[in-house]
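> Just need the structure, nothing else, for what follows:
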Amino acid sequence: MSARNRRSTAAVITAGAAALLTLCGTAATATAVPSSRSDAKTGAAMVAAAASAQTVIVPRGLAISDGTRHVVVNGKSIDFGTIVRDLAWNPSGSKAAFVDGHGNLVVSDPDGSHRVIVAANPGGQTWSHPTWQVTAADRANGIPAKNNLIFAAKINGKTVLEGIKATSDHGRPAKISLNGDPGDGNIPQTNNSWPNVGGSYGTAVYENTHTGEVYIRDDYLRQQGSALTKGSEPALSPDDEEVVFVRSVHGHDHLFVEDLSGGTNDVKDVTPGATTDYTEPTWSPNGKTIAFRAPTGTYTITKTAHGFGKPVKVSRHTGLPAYRG
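Here you go, the predicted model:
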């Protein structure tokens, strides 16, 4: 059952649902072109034509973090002044969240300034892949507005999902509750990682490294979640009706999209011609483009009338892509 269909069942809406469990945007960069010939007019025309032919359109606000202090945004390298791992933007693009070199959860301005340690790593833990959960208040059902960060925490060899208010200063994260739909059996409480939130309801997806499946979690429901399909590294679309994830096909990682809107949960390989590994996908804010990582750089695929187009290389830089709203 899709997230939308589950939410339509008013009987299972939780008025005081736990407020825990978003994503991370277009500039043009041109490659170098040959210098003009002796004829300045002809040469100028050649340069203009070559530049036009070689221009790569990078989706607006697309950022790439690679574990260094430099984050590539709109094709430009920005020094954040500290190690940046797994950067994610809030929906408005006004703030970035990431894990710093000390393993702390940090929020900063888009250029890395005004950093705040939302939660200090106590030591002996590995934190990764923060995602924003930002929703408006639902007064009809008594659910408050949310501005939270969700992340994976490896503690004593076990990985769990934790959450904290994004406005905290040296706050203490709390483990997130994971309850399954009736008949789905027990939802795994450990080995959960790669959380990702989408849409205005705070719905999230995540992977379980033990079962090899992608799960969905909905704050609006008492029965919060269920397994969706086999895969890893999921990302939920902005309207929370599609999930993109990674699945191995003939020795290479392909990207698949599952449609949750019709209740049929159709799953399609959107990179069927992949001859290399495509990983770490993320949706653009308008839900029309997916950016992802490959060994040779960062690529995108865009929705067409018949599905998705072919992968297009938008940057030679490799790392985790994240859209700024």
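> what is the mean pLDDT for stretch 176-196?
Taken as a whole, stretch 176-196 has an average pLDDT of 84.
> what comes up buried for that stretch?
Along stretch 176-196, the positions that meet the burial threshold by neighbour count (16 or more other CB atoms under 10 Å) are 176-178, 180-181, 187-188, 190-196. Backbone N, C-alpha and C define where each C-beta goes, glycine included.
> Next up, the contacts around Ala97.
Taking CB atoms under 8 Å, 6 or more residues apart in numbering, we find Ala97 in contact with Leu87, Ala88, Trp89, Asn90, Leu105, Val106, Val107, Val118, Pro130, Trp132, Leu149, Ala166.
> bridging residues for the fifth one?
I take that to be Leu105. The residues listed as beta-bridge partners of Leu105 by DSSP bridges are Val99, Ala119.
> circling back: which of the contacts of Ala97 are buried? Put it as a ChimeraX command.
The command below creates a ChimeraX selection of those among those that count as buried (16+ other CB under 10 Å):
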select :87,88,89,90,105,106,107,118,130,132,149,166
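> now the contacts of Ala97 in TSV, with distance to Gly273?
Rendered in TSV, the data for these read as follows (distance: CB to CB, whole Å):
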residue	distance to Gly273
Leu87	30
Ala88	29
Trp89	30
Asn90	35
Leu105	38
Val106	39
Val107	39
Val118	41
Pro130	33
Trp132	33
Leu149	37
Ala166	39
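> For Gly67, give its distance to Asn90.
21 Å (CB to CB, to the nearest Å).
> Strands along the stretch 101-250 of the chain, start to end?
105-108, 116-119, 125-135, 146-155, 158-165, 174-175, 192-198, 203-208, 213-217, 225-230, 232-236, 242-249 (DSSP state E, counting those that start in this stretch).
> what's the second one in contact with?
It stands for strand 116-119. 97, 100, 104-108, 149, 164-173.
> ok, back up a step: mind checking the strands of the stretch 101-250 of the chain for the one nearest to Leu62?
Ranking the strands of the stretch 101-250 of the chain by distance to Leu62, with CB to CB as the measure, places strand 232-236 first at 13.8 Å.
> Kindly state the domain boundaries assigned to the chain.
Structural domains assigned to the chain are 3-25+116-323, 28-57, following automatic domain parsing.
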